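Participant: sequence plus predicted model, see below.
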Amino acid sequence: MEIRTFAEDEVPADLRARARTLRDGVWPGAGGDHDPALRPVTVLLVSPAGDVPAVLDILSKDIVHGGRRYRAAGLSAVVTDPAWRGRGYGRQLVAAARVLIAESGADLGLFTCDRPLRGFYESAGWSELAGAVLVGGTRRAPFPSDGPGFDKVTMAGFFTERGKRDAAAFRHCRIGLYPGEIDRLW
């Protein structure tokens with residue numbers, strides 16, 4: 001298996017089609033492109049035969065929290081083909097994405113996941129950010145991760161010295177992510 005990384009608009013057509021088919025099969029209608037302002041990067045696990053057993057995207061932007069600016073990135077649209085599950089491929093891809101985010105210079109990585117998936121993400125190196133709520137959408141139309149019907153936890157990684165030093169400021173609070181109308185929450 002090979003991990004391949006592309007800017008979203010540079011994914012080769014055959015791999016893009018396979019990733020979209022995978023995403024549409026798991027989340028019908030959710031396989032659209034991301035807001036280019038979030039500098040989307042697609043990370044694919046590709047088999048020797050050219051299959052795409054797992055895919056995810058990394059979205060990035062600067063956020064302001066506690067009056068300080070941070071470079072943040074997070075995981076979006078993480079999918080493993082049901083036929084390939086149970087072999088560690090999703091975990092391998094999520095762990096590789098964590099390394100990519102750390103190497104990008106991001107101060108921190110933040111994203112939400114369904115509560116039952118917390119252990120999966122922890123096994124790939126992420127940590128639950130206790131009491132944290134990500135607020136997506138826009139400032140005028142916020143979309144919080146603790147909204148009605150959600151059972152989400154916020155996962156995080158702190159990568160730079162500054163990020164590590166300020167990690168406590170991100171616990172038990174609301175974090176204004178505001179990725180916009182297209183990617184209401186990553």
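Facilitator: Done, it's in. Bear in mind that the values here come from a model prediction, so they are computed numbers and not experimental data.

Participant: wait, doesn't residue 102 sit right on residue 157?
Facilitator: Yes - between residue 102 and residue 157 there is a contact at 6.9 Å, judged by CB atoms under 8 Å. C-betas here are computed from N, CA, C, even on glycine.

Participant: so what sits against both of the two?
Facilitator: Shared contacts of residue 102 and residue 157 (CB atoms under 8 Å, 6 or more residues apart in numbering): residue 109.

Participant: more neighbours, these two?
Facilitator: Neighbour comparison, residue 102 and residue 157: the larger count goes to residue 157, with 24 against 18 (by other CB atoms under 10 Å).

Participant: and the helices in this protein?
Facilitator: 13-26, 89-103, 118-123, 161-165 (DSSP state H).

Participant: of these, which stretch is the most buried?
Facilitator: Highest mean neighbour count of the helices of the chain: helix 89-103, a mean of 19 (counted as mean count of other CB atoms under 10 Å).

Participant: circling back to that earlier point, turn the helices of the chain into TSV, columns for mean pLDDT and distance to residue 56.
Facilitator: Output for those, formatted as TSV (pLDDT from 0 to 100; distance: least, CB to CB, whole Å):
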stretch	mean pLDDT	distance to residue 56
helix 13-26	93	10
helix 89-103	97	6
helix 118-123	97	11
helix 161-165	97	21
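
Participant: JSON lines for the ones you listed, including distance to residue 177?
Facilitator: Shown next, in JSON lines, are these (distance: least, CB to CB, whole Å):
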{"stretch": "helix 13-26", "distance to residue 177": "21"}
{"stretch": "helix 89-103", "distance to residue 177": "15"}
{"stretch": "helix 118-123", "distance to residue 177": "17"}
{"stretch": "helix 161-165", "distance to residue 177": "15"}
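
Participant: can you tell which of these is closest to residue 46?
Facilitator: When those are compared by CB to CB, helix 13-26 sits nearest residue 46, at 6.9 Å.

Participant: check which helices and strands the closest one sits against.
Facilitator: Contacts defined by 3 or more CB pairs under 8 Å, 6 or more residues apart in numbering; DSSP states H and E place helix 13-26 against strand 41-46, strand 54-65, strand 68-80.

Participant: show residues contacting the first one.
Facilitator: The one in question is strand 41-46. So strand 41-46 is contacted by 1-8, 11, 15-16, 19, 52-58, 60, 89, 92-93, 96-97, 100 (CB under 8 Å, 6+ apart).

Participant: can we see that at 6 Å?
Facilitator: With CB atoms under 6 Å, 6 or more residues apart in numbering as the test, strand 41-46 has contacts from 1-6, 8, 11, 15, 52-58, 89, 93, 97.
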